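Undergrad: Predicted model and sequence below, questions to follow.
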Amino acid sequence: MNDPRNRRTKTTRLDPKRPIGLFSSLKIELSVVIVMATSIAFILVWFLLKYGWSGWIAMPLTMVVALGITYFFSRGLIAPLRQLRDAAEAMSEGDYSVRVKLGTKSNDEIGQLARTFNEMAEELQHADQMRRDVVANVSHELRTPVSALQAMVENMADGVVEPTPANLEGILNQTHRLSDLIAFLLDLSRMEAGAASLNVEKFDLLDFLDETVEPLEIADAGHAHDIVMHVDENIWLEGDQDRLRQLFTNIIANALKHSPDGTKVLIEARENTNNGTIITNVVNFGSQIPVEERSDIFRRFVKGRSTPGTESGGTGIGLSIARWAAQLHGGTVRVVDDPRGADFEVVLPKYHVAEDDSRDVSRTRL
């Protein structure tokens with residue numbers, strides 16, 4: 001049996017023949033139904049009595065007609081709810097591909113509910129697909145170093161290879177790789193939890209960026225990227241250096257990954273004294289990110305399209321972690337227009353303010 005989550009997106013259509021639905025309020029629609037049914041019943045009674053019908057016959061007949069009118073119009077109200085119920089039941093069974101297609105007469109609360117349902121279904125389908133993708137990716141990434149470690153240790157245990165410094169260094173490299181993967185999973189779990197404790201301290205931004213860039217330059221040695229920094233001196237920042245290092249490492253590494261070999265990556269930082277923020281721009285020369293994709297790339301497990309001559313792959317979580325780390329400090333990360341290339345702008349408050357601290361972040365400190 002096929003997994004229902006792998007099926008195409010299915011659409012449940014709201015009845016386009018709904019007799020009502022033009023109004024923006026369900027209360028108005030119900031009022032219209034009641035007024036119409038009452039008016040028709042009154043006219044029918046008047047007509048029957050005028051032509052000599054007995055009241056004992058006219059009244060029951062009128063009630064039947066009024067009930068028929070009410071039932072006819074109520075079908076237009078209840079049918080979409082049934083379809084929404086069926087779609088919700090399908091989702092509860094794991095089929096996130098179901099959608100409710102809106103008719104032209106869906107401006108009331110039911111139409112709004114259907115639109116909200118579709119948005120929810122879209123997010124759930126995306127999250128479910130990305131969850132399965134990341135499980136497959138992480139499983140593959142874990143299998144490689146574990147297999148290498150197992151082979152190395154077994155060969156040493158069997159006496160096939162000697163425990164030379166080079167072989168031991170190879171084992172150490174694989175353990176570092178495993179450690180990085182575990183750190184990635186921990187970051188993912190922290191981000192899913194939506195909170196993390198911060199060890200706030202005051203530090204020099206230029207020294208911090210130098211320390212952050214150095215290991216990236218070593219890892220990038222084979223691609224000949226030139227990392228240029230234009231950072232104002234004596235810029236001090238308050239924050240958690242570990243979390244902020246995650247932020248800038250992911251942003252800079254993303255720029256390096258999407259830059260052709262031999263090109264330049266620019267890091268600019270300045271202080272905005274008007275609002276007490278530090279603005280940092282990481283520019284990847286040559287490539288651009290379409291406006292319609294700029295918000296999506298910060299979603300979890302979304303991988304940007306690689307340009308010719310650049311690296312591909314990755315977990316699709318780096319930019320999400322960067323945005324999460326910025327938000328923990330009350331800052332933002334976004335892609336801004338820049339004719340030079342893809343420009344990631346990081347805005348952080350100069351002074352850290354706790355959630356229960358109402359002090360002005362732009363105040364001057366001694």
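TA: The structure has been received and is ready for your questions. Residues are numbered from 1 along each chain as shown.

Undergrad: what's downstream of whichever strand or helix holds residue 91, the next helix or strand?
TA: Assessed by DSSP states H and E, residue 91 sits inside helix 55-92. Under the assignment DSSP H and E, the closest C-terminal helix or strand after helix 55-92 is strand 98-101.

Undergrad: and the following helix or strand past that following strand, what other elements does it pack with?
TA: The helix or strand immediately downstream of strand 98-101 is helix 109-157, counting by DSSP H and E. When contacts are defined as 3 or more Cβ pairs under 8 Å, 6 or more residues apart in numbering; DSSP states H and E, helix 109-157 packs onto helix 55-92, strand 98-101, helix 165-193. (C-beta placed from N, C-alpha, C; glycine too.)

Undergrad: So the residue nearest to the spatial centre of the chain versus residue 250, what's the distance?
TA: Among the residues of the chain, the one closest to the centroid is residue 299, at 3.3 Å (Cα atoms, centre = their mean). Computed with Cβ to Cβ, to the nearest Å, the distance linking residue 299 and residue 250 is 14 Å.

Undergrad: As CSV, could you dump the C-alpha coordinates of stretch 284-304?
TA: Output of stretch 284-304 as CSV, limited to C-alpha atoms (Å, rounded to 0.1, in the frame of the first residue of the first chain):
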residue,chain,number,x,y,z
ASN,A,284,28.3,37.0,-1.4
PHE,A,285,29.5,38.7,-4.6
GLY,A,286,28.1,37.6,-7.9
SER,A,287,25.0,35.6,-6.9
GLN,A,288,21.5,36.9,-6.1
ILE,A,289,18.6,35.5,-4.2
PRO,A,290,15.1,36.1,-5.8
VAL,A,291,12.9,38.3,-3.8
GLU,A,292,10.2,35.6,-3.6
GLU,A,293,12.6,33.1,-2.1
ARG,A,294,14.2,35.4,0.6
SER,A,295,11.8,34.5,3.3
ASP,A,296,11.6,30.8,2.5
ILE,A,297,15.4,30.2,2.8
PHE,A,298,15.1,30.8,6.6
ARG,A,299,12.6,28.0,7.0
ARG,A,300,13.8,24.8,8.5
PHE,A,301,15.2,22.2,6.1
VAL,A,302,14.8,24.5,3.0
LYS,A,303,17.9,24.3,0.9
GLY,A,304,18.8,27.2,-1.4
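
Undergrad: neighbours around residue 35, how many?
TA: Residues lying near residue 35 (other Cβ atoms under 10 Å) number 10.

Undergrad: so it is in which element?
TA: helix 26-50.

Undergrad: Identify each buried residue in that helix, please.
TA: 26, 29, 33, 36-37, 41, 44-45, 48 (16 or more other Cβ atoms under 10 Å).

Undergrad: For it, name the packing helices and strands.
TA: Here helix 26-50 touches helix 55-92, going by 3+ Cβ pairs under 8 Å, 6+ apart.

Undergrad: and the helix it packs on, which residues are buried?
TA: 58, 62, 66, 69-70, 73, 76-77, 80, 83-84, 87, 90-91.

Undergrad: returning to what we had before: give me the distance from the helix holding residue 35 to the chain's centre.
TA: 50 Å (Cα atoms, centre = their mean, to the nearest Å).

Undergrad: Repeat that for stretch 206-216.
TA: How far stretch 206-216 lies from its chain's middle: 29 Å, per Cα atoms, centre = their mean.

Undergrad: With stretch 203-220 instead?
TA: With Cα atoms, centre = their mean, you get 28 Å for stretch 203-220.

Undergrad: if we can go back for a sec, would you format the buried residues of helix 55-92 as JSON lines with distance to residue 136 and pLDDT included?
TA: Output for these, formatted as JSON lines (distance: Cβ to Cβ, whole Å; pLDDT from 0 to 100):
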{"residue": "58", "distance to residue 136": "72", "pLDDT": "75"}
{"residue": "62", "distance to residue 136": "66", "pLDDT": "80"}
{"residue": "66", "distance to residue 136": "60", "pLDDT": "78"}
{"residue": "69", "distance to residue 136": "57", "pLDDT": "76"}
{"residue": "70", "distance to residue 136": "54", "pLDDT": "76"}
{"residue": "73", "distance to residue 136": "51", "pLDDT": "72"}
{"residue": "76", "distance to residue 136": "45", "pLDDT": "67"}
{"residue": "77", "distance to residue 136": "45", "pLDDT": "69"}
{"residue": "80", "distance to residue 136": "38", "pLDDT": "73"}
{"residue": "83", "distance to residue 136": "34", "pLDDT": "80"}
{"residue": "84", "distance to residue 136": "33", "pLDDT": "84"}
{"residue": "87", "distance to residue 136": "28", "pLDDT": "85"}
{"residue": "90", "distance to residue 136": "25", "pLDDT": "86"}
{"residue": "91", "distance to residue 136": "23", "pLDDT": "85"}
